[in-house]
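In: quick check, what structure comes out for this input:
(chains A and B)
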Amino acid sequence: MRTHTCGELRADHLGKDVQLAGWIRFSRDHGGVLFFDLADAYGTTQVVFDPEAMSEKDDRESLERMLKSFGRESVISVAGKVRNRVPGTEDARNPTGQLEVLIERASLLNSSPPLPFEVADQKGSLLPSEDLRLRYRFLDLRRTQMANNLRFRHRLVAAARRALDAEDFVEVETPMLCRQTPEGARDFIVPSRIFPGTFYALPQSPQLYKQMLMVGGLDKYYQVARCFRDEDSRSDRQPEFTQLDVEMSFVEETDVQALTERVLASVWRSVYGKELVTPFPRITFYDAMHSYGTDAPDIRYDLRLQDVTDTVKAASYEIFQRVISKGGRVECMNVKAELMATTSNDETAVGRNEVDRLIEWAKGQGMGGLTWMRMTKDGLQSNIVKYFPREVTQALEAKMGAEEGDLLLFLAGSEIAALKAGGELRRKLAKDLHLLEGKDHQFVWLVGCPMFQKDSVSGQLEAFHHAFVKPVGGDIQEGEDVMCACGMSYDLVLDGSEIGSGSVRCHDPEVQRKVFKLLGMSDEKIEADFGYFLEALGYGAPPHGGIALGIDRLTAILLGCETIREVIAFPKNKKFQCLMDGSPAKVDEAKLSELQLLCLAGDEDTEE
RNA sequence: GCCCUGGUAGUGUAGCGGCCUAUCAUGAAGCCCUGUCGAGGCUUCGACUCGGGUUCAAAUCCCGACCAGGGCGCCA
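Out: Residues are numbered from 1 along each chain as shown, chains lettered A, B, ... in the order given. As a prediction, this is how the structure comes out:
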């Protein structure tokens, strides 16, 4: 059907008879000479119909008529000779731009109606709305941007596979139909036909299976694993997503971290041809929360938070007083003058108007507002500085290292609210002040996470990561304050996004049982849901641990995409619908009957 | 469940109380053009998400619905 691809022809093909096949991206009719940009996955080649080069008049007329009828994105095959372009008309931007194929024969392989949106790259053409792109994803994927995204993702995954293979990891597939596990995210469930009224769940992750593989003596496992979680979507969340799932035996935290770094370094060499700086820096959960206001800090810029509660306590400023008296705290951030300097003049880019906008923004973040002070040569100044005794402002200047032109921003509230808003403020300022431009990617390990946290509503203990993390020290002692217990866990953070999470696991069934119990599970529940698992651990489970990296997020960050949907071939929309195939959709009554299911949703709930 | 943003020809947009019989680009259809490459020139086609309300007058203001996206909650 073709002798070459559309990206293949070079000078050494000159004079050869070739056959190409592809899509018509652009066509240009010069009232006699017809030009077509014929494109396929590998490139674009200009194919030309030149009437003066045709001998037989009849052939020429029928060929010309046919070629003129071809619309955009028609699929055609052309045969002809490769020749140099007319001198001066070469296209330096295209690798095949020195030459063209003179069409001698052509055939239409498939036609296309007018397109719902532009497939070809054009200067100044903006993307259509995303729902239209998802509805016609097959056309969207023809765009070079999407094609490049998928190819980059492939190279990344392939490099990771090669690296793991070289380290003797074994890729094992684990079931997609599994037992529903308690806790965690909402499951997608699948009814059993053979046992009506019972259900499988789709795996939220292969967690238990990979631990069982360790018990099974596999030693080193990995999988490019699809995971399913029925929780509301975000720009970096889809109901199904892909993890590079890894588990290894006889290891400690540092072994897994080092392996992860080696794999990523190998990926870097493969996709960028660059060395990745390892080991990655480590930051404790406590430091991350208190300096960056998040458990996924972006350490490429400073703007750290500092607790100034004790410093401002002495001020009569009522807003701070009220917060502090309720046990809250005041967080302060110093926005250095040089970060705000514009190139055009000496004025700072964050003037009073901008501060007012930040105050409005802070209110939108659920804060009461935002307090500011600007450092001048006469000390800190602002509309409310009169409520702050000189000793207090001087102490603030010293504590925050304030220099002339710096802007101090204060967030007051409960510890969690103030830190969280501070974290959001960092992100906002980094974006507004363009602090990330030209910055390399930066990985960081988040370590020292607690084992448990309390549910904000019920107060019930829940796992910080998941229920299988081994506590630091290997066990939880009698009478120990479990809220102070740390787990042997680690998150991998890239540019302010969590892209991986792992831990050393409880391999001792008694420790695991203790953790389950602390999480509020009854003996009966433990036995029913995890009996087989605890039993397995009891049969000589080796110490083991692992990690799972979010492939969608990693790829999206490296490509600079706003959402992971840009690196997924067929993503769901915000409501988990596939706009292309129309899923989810109703199934026949007969299917439901076979499963002995009754649908309670009325028509109004499910109709389009 | 909640909050925010946005819905104008096939696509991307302008207009944001009367100058709207709605701008521009792209597209589609047709014509012209023998070296372009987002070809060019000319002609034609094609739209205010829906339902209420305010007003002498609504694409424009208000309310509601629907659709899409971002976020909160949720995501061990």
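In: OK, contacts around A:Phe199?
Out: When contacts are counted by Cβ atoms under 8 Å, 6 or more residues apart in numbering, A:Phe199 touches A:180, A:189-192. No exception for glycine: its C-beta is placed from N, CA and C like everyone else's.
In: so which residues of the stretch 201-350 of chain A form strands?
Out: A:220-228, A:240-249, A:282-284, A:305-307, A:329-335 (DSSP state E, counting those that start in this stretch).
In: do the stretch 501-608 of chain A as well
Out: Assigned by DSSP E, counting those that start in this stretch, the stretch 501-608 of chain A shows strands spanning A:544-550.
In: who in it is up against RNA strand B?
Out: A:563, A:565, A:573-575, A:577 (Cβ under 7 Å from any atom of the strand).
In: now the stretch 301-450 of chain A
Out: Residues of the stretch 301-450 of chain A lying near RNA strand B (Cβ under 7 Å from any atom of the strand): A:Gly364.
In: could you list the low-confidence segments of the stretch 301-450 of chain A?
Out: Low-confidence segments of the stretch 301-450 of chain A (pLDDT under 70): A:341-350.
In: if we can go back for a sec, could the residues of the stretch 501-608 of chain A next to RNA strand B go into CSV alongside distance to A:Ser593, neighbour count and pLDDT?
Out: Formatted as CSV, those follow (distance: Cβ to Cβ, whole Å; neighbours: other Cβ atoms under 10 Å; pLDDT from 0 to 100):
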residue, distance to A:Ser593, neighbour count, pLDDT
A:Thr563, 40, 17, 95
A:Arg565, 36, 23, 96
A:Asn573, 31, 15, 94
A:Lys574, 33, 12, 93
A:Lys575, 28, 9, 93
A:Gln577, 26, 16, 94
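In: can you redo those residues as CSV with distance to A:Phe388?
Out: Listed next are these as CSV, based on distance: Cβ to Cβ, whole Å:
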residue, distance to A:Phe388
A:Thr563, 44
A:Arg565, 48
A:Asn573, 50
A:Lys574, 46
A:Lys575, 50
A:Gln577, 54
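In: tell me which two of those residues sit farthest apart.
Out: Within these, two members stand farthest from each other by Cβ to Cβ: A:Thr563 and A:Gln577, at 15.8 Å.
In: picking up where we left off before, show me which of the residues of the stretch 501-608 of chain A next to RNA strand B is closest to A:Glu61.
Out: For those, the nearest to A:Glu61 is A:Arg565 (48.1 Å; Cβ to Cβ).
In: show me what contacts the closest one?
Out: Contacts of A:Arg565 by Cβ under 8 Å, 6+ apart are A:130, A:134, A:235, A:238, A:571.
In: what of A:Phe36?
Out: By Cβ under 8 Å, 6+ apart, the residues touching A:Phe36 are A:24, A:26-28, A:46-49, A:67, A:70, A:76, A:78.
In: what does A:Thr309 give?
Out: Counting by Cβ under 8 Å, 6+ apart, A:Thr309 makes contact with A:324, A:328-330.
In: longest helix in chain A, by number of residues?
Out: For chain A, the longest helix by residue count, based on DSSP state H, is helix A:144-166.
In: counting by contacts, list what that one packs against.
Out: strand A:170-171, strand A:220-228, strand A:240-249, helix A:253-272, helix A:551-559 (3 or more Cβ pairs under 8 Å, 6 or more residues apart in numbering; DSSP states H and E).
In: buried subset of the contacts of A:Phe36?
Out: With neighbours counted by 16 or more other Cβ atoms under 10 Å, these contain buried members at A:24, A:27, A:46-49, A:67, A:70, A:76, A:78.
In: rewinding a little: most neighbours among the contacts of A:Arg565, please name it.
Out: When neighbours are counted by other Cβ atoms under 10 Å, A:Pro571 leads the contacts of A:Arg565 with 23 neighbours.
In: okay, that one: pLDDT?
Out: Note on A:Pro571: pLDDT of 96.
In: and for A:Leu558, the neighbour number?
Out: Using other Cβ under 10 Å, the number of residues around A:Leu558 comes to 20.
In: rebuild the strands of the stretch 201-350 of chain A as a markdown table, extending it with distance to A:Lys420 and mean neighbour count.
Out: Formatted as a markdown table, the strands of the stretch 201-350 of chain A follow (distance: least, Cβ to Cβ, whole Å; neighbours: other Cβ atoms under 10 Å):
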| stretch | distance to A:Lys420 | mean neighbour count |
| --- | --- | --- |
| strand A:220-228 | 27 | 21 |
| strand A:240-249 | 25 | 23 |
| strand A:282-284 | 17 | 16 |
| strand A:305-307 | 10 | 20 |
| strand A:329-335 | 10 | 24 |
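In: in TSV, list the ones you listed along with distance to A:Gly474.
Out: Formatted as TSV, these follow (distance: least, Cβ to Cβ, whole Å):
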stretch	distance to A:Gly474
strand A:220-228	23
strand A:240-249	16
strand A:282-284	20
strand A:305-307	33
strand A:329-335	34
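In: tell me which of these sits nearest to A:Leu436.
Out: A:Leu436 lies closest to strand A:329-335 among the strands of the stretch 201-350 of chain A, at 15.2 Å (Cβ to Cβ).
In: the closest one packs against which elements?
Out: Using 3+ Cβ pairs under 8 Å, 6+ apart as the test, strand A:329-335 ends up in contact with strand A:305-307, helix A:309-312, helix A:318-325, helix A:390-400, strand A:407-413, helix A:415-432.
In: so what strands line up beside the first one?
Out: Based on DSSP bridges, the strands next to strand A:305-307 in the sheet, each with its direction, are strand A:329-335 (antiparallel).
In: restricting to C-alpha, output the strand it pairs with in PDB.
Out: Written as PDB, here are the backbone C-alpha positions of strand A:329-335 (Å, rounded to 0.1, in the frame of the first residue of the first chain):
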ATOM      1  CA  ARG A 329      -2.000  31.000  64.700                       C
ATOM      2  CA  VAL A 330      -0.500  33.600  62.400                       C
ATOM      3  CA  GLU A 331       1.600  32.600  59.500                       C
ATOM      4  CA  CYS A 332       3.800  35.100  57.700                       C
ATOM      5  CA  MET A 333       5.500  35.000  54.300                       C
ATOM      6  CA  ASN A 334       8.100  37.500  53.100                       C
ATOM      7  CA  VAL A 335       7.700  38.300  49.400                       C
END
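In: helix A:415-432 and that strand, what's the angle between them?
Out: Angle between the axes of strand A:329-335 and helix A:415-432 is 10 degrees (criterion: axes from the mean of the first three to the mean of the last three Cα atoms, to 10 degrees).
In: off-centre distance for strand A:329-335?
Out: Relative to the centre of its chain, strand A:329-335 is centred 29 Å away, using Cα atoms, centre = their mean, to the nearest Å.
In: and the angle for that strand with helix A:318-325?
Out: Counting by the same axes, to 10 degrees, strand A:329-335 lies at 130 degrees to helix A:318-325.
In: which residues touch strand A:329-335?
Out: By Cβ under 8 Å, 6+ apart, the residues outside strand A:329-335 that reach it are A:293, A:303-309, A:312, A:320, A:323-324, A:350, A:396, A:399-402, A:406-415, A:418-419, A:421-422, A:425-426, A:429, A:433.
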